[in-house]
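1. Okay, structure incoming, though there's no sequence with it:
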């Protein structure tokens, strides 16, 4: 009998801990959202669950509702906060699109009390089961989850949406690297960083299956990721801060009809696409873009207020100083000089005002040797 009572007490204790973790996780999410929107209104009209609720919920009283993802409209039931507990994963509905009626005056009341299961803005925790290490994203649902929660997840897959929160605690010196295996079927993958001072380096596979990529605060670098299947649309990529891609990725996006669109409602800070040349393949890709500047123009799309992302082109130091690439760099330098005016016309950006082009350093001579303190040139 004593053992039974002890076991029961232990179970109650563990349940209490798990409930506290759920409440703490949801409370942190809501607090983070509120702080960021008090500080800046840049997300209004973009893919935040608050903005989506505002645009999706019908304040006229109709029973029909649509979940807005970027500029597309997909039927959906809501947004779910995903948490990892000792017993496994659980999701908790944050916004019940089908039942909620929200307008600007009700915004503060949408997420009423994260500690109350009976709150109109939250649902009860529901167990989420991994299948062979894969987290399935159901169609029409958005999982809001901190990236650290996914440490035990091998892959994200499904027709739903993933909104990845990257809290400041995971950054060292303002930088963090994550490796992801994402395979979507038309959903939206969102990276949400604390602010524009943070850099997230993404590796792995991002296969979106016709879906969209969105970058909120901070800089997201996908140059070392295998990216495919981004929607061939004006808003294939929705940008509220900075996205860094290789020249090869930029050419692939442009030729496929995938554009980077300046986020609606983003008025405080400029958005920027940074195209980097890391190797000879990238150099060839950049030459193609310089020969056809209309591709660069099509890559950068305006939002509803006729704002489009800034453009920066850069060459990494290791490649720029490689003596074996002298000929390639000379051609690139000449192409940049020739194409600058056409690039400015195609992108609507002027050098120094929304357009940054590389100033390539002189290539290191291949016939230089250093002996002791003496620098000498070897005759060829």
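-> Noted; the coordinates are in hand. Quick caveat: nothing in here was measured; it's all calculated off a predicted structure.
2. Which neighbouring elements make contact with the helix or strand containing residue 313?
-> Using DSSP states H and E, residue 313 falls within strand 310-315. In terms of contacts (3 or more CB pairs under 8 Å, 6 or more residues apart in numbering; DSSP states H and E), strand 310-315 is packed against strand 272-277, helix 326-347, strand 354-356. For glycine as for every other residue, the C-beta is placed from the backbone atoms N, C-alpha and C.
3. and among those, the most buried is which?
-> strand 272-277 (a mean of 23; mean count of other CB atoms under 10 Å).
4. partners of that one, with directions?
-> strand 242-246 (parallel), strand 310-315 (parallel) (DSSP bridges).
5. got the domain boundaries for this structure?
-> For the chain, the TED database gives the domain ranges 8-38, 232-361.
6. Any idea which of the helices and strands packed on strand 310-315 gets closest to residue 79?
-> strand 272-277 (27.7 Å; CB to CB).
7. Beyond the closest one, next helix or strand please.
-> helix 280-291.
8. That next one: which residues count as buried?
-> Within helix 280-291, the residues that count as buried by 16 or more other CB atoms under 10 Å are 282, 283, 284, 285, 286, 287, 288, 289, 290.
9. same question for it, mean pLDDT?
-> Helix 280-291 shows a mean pLDDT of 96.
10. what sits up against that helix?
-> 246-248, 250-251, 254, 275-277, 295-296, 313, 319, 325, 328-329, 331-332, 335-336, 338-339, 343 (CB atoms under 8 Å, 6 or more residues apart in numbering).
11. So which residues of the stretch 51-200 of the chain form strands?
-> All strands of the stretch 51-200 of the chain, identified by DSSP state E, counting those that start in this stretch, fall at 67-69, 72-74, 78-85, 88-96, 126-128, 134-137, 141-146, 155-158, 161-165, 175-184, 188-192, 199-215.
12. check contacts around residue 333.
-> Contacts of residue 333 by CB under 8 Å, 6+ apart are residue 360.
13. who's in contact with the strand holding residue 313?
-> Contacts of strand 310-315 (CB under 8 Å, 6+ apart): 247, 270-277, 286, 296, 300, 329, 332, 336, 343, 347, 349, 354-358, 360.
14. redo that, cut-off 7 Å
-> Here strand 310-315 makes contact (CB atoms under 7 Å, 6 or more residues apart in numbering) with 270-277, 296, 300, 347, 349, 354-358, 360.
15. List the contacts of stretch 201-209.
-> 175, 177-186, 189, 220-222, 224-230.
16. just the buried members of those residues?
-> The buried subset of these - by 16+ other CB under 10 Å - is 178, 180-186, 189, 220-222, 225, 227, 229-230.
17. Look up how far residue 280 lies from the closest residue to residue 152 other than its chain neighbours.
-> Of all residues not flanking residue 152 in the chain, residue 84 sits nearest, at 6.9 Å (CB to CB, 6 or more residues apart in numbering). Distance of residue 84 to residue 280, given as CB to CB, to the nearest Å: 43 Å.
18. same deal with residue 340?
-> For residue 340, the distance to residue 280 - CB to CB - is 23 Å.
19. give me the low-pLDDT residue ranges for the stretch 151-300 of the chain?
-> Along the stretch 151-300 of the chain, the model assigns pLDDT under 70 to residues 265-269.
20. Could you dump the strands paired with strand 272-277 into CSV and include mean neighbour count and distance to residue 211?
-> CSV is the format used below for the strands paired with strand 272-277 (neighbours: other CB atoms under 10 Å; distance: least, CB to CB, whole Å):
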stretch, mean neighbour count, distance to residue 211
strand 242-246, 23, 16
strand 310-315, 21, 24
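21. Would you mind reformatting those strands (as a markdown table) and adding columns for distance to residue 168 while you're at it?
-> As requested, the strands paired with strand 272-277 are arranged in a markdown table below (distance: least, CB to CB, whole Å):
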| stretch | distance to residue 168 |
| --- | --- |
| strand 242-246 | 17 |
| strand 310-315 | 25 |
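22. List the contacts of residue 178.
-> Applying CB under 7 Å, 6+ apart, the residues near residue 178 are 147, 200, 202.
23. if you set the cut-off to 6 Å instead, what comes out?
-> Neighbouring residues of residue 178 by CB atoms under 6 Å, 6 or more residues apart in numbering: 147, 202.
24. Could you check how far it is from residue 191?
-> With CB to CB as the criterion, residue 178 and residue 191 are 9 Å apart.
25. again, but for residue 82
-> 16 Å.
26. now residue 184
-> With CB to CB as the criterion, residue 184 and residue 191 are 14 Å apart.
27. residues near residue 174, how many?
-> Residue 174 has 11 neighbouring residues, counting by other CB atoms under 10 Å.
28. Show the contacting residues for residue 299.
-> By CB under 6 Å, 6+ apart, the neighbours of residue 299 are 254, 259.
29. Over to residue 246?
-> Counting by CB under 6 Å, 6+ apart, residue 246 has contacts 223, 276, 278, 282.
30. got JSON lines for the residues you listed, with distance to residue 128 too?
-> Shown next, in JSON lines, are the contacts of residue 246 (distance: CB to CB, whole Å):
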{"residue": "223", "distance to residue 128": "32"}
{"residue": "276", "distance to residue 128": "37"}
{"residue": "278", "distance to residue 128": "38"}
{"residue": "282", "distance to residue 128": "40"}
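31. quick one: contacts for the nearest residue to residue 142 once chain neighbours are set aside?
-> Using CB to CB, 6+ apart and skipping the chain neighbours, the partner closest in space to residue 142 is residue 161 (4.1 Å). For residue 161, the contact set (CB under 6 Å, 6+ apart) comprises 142, 187, 188.
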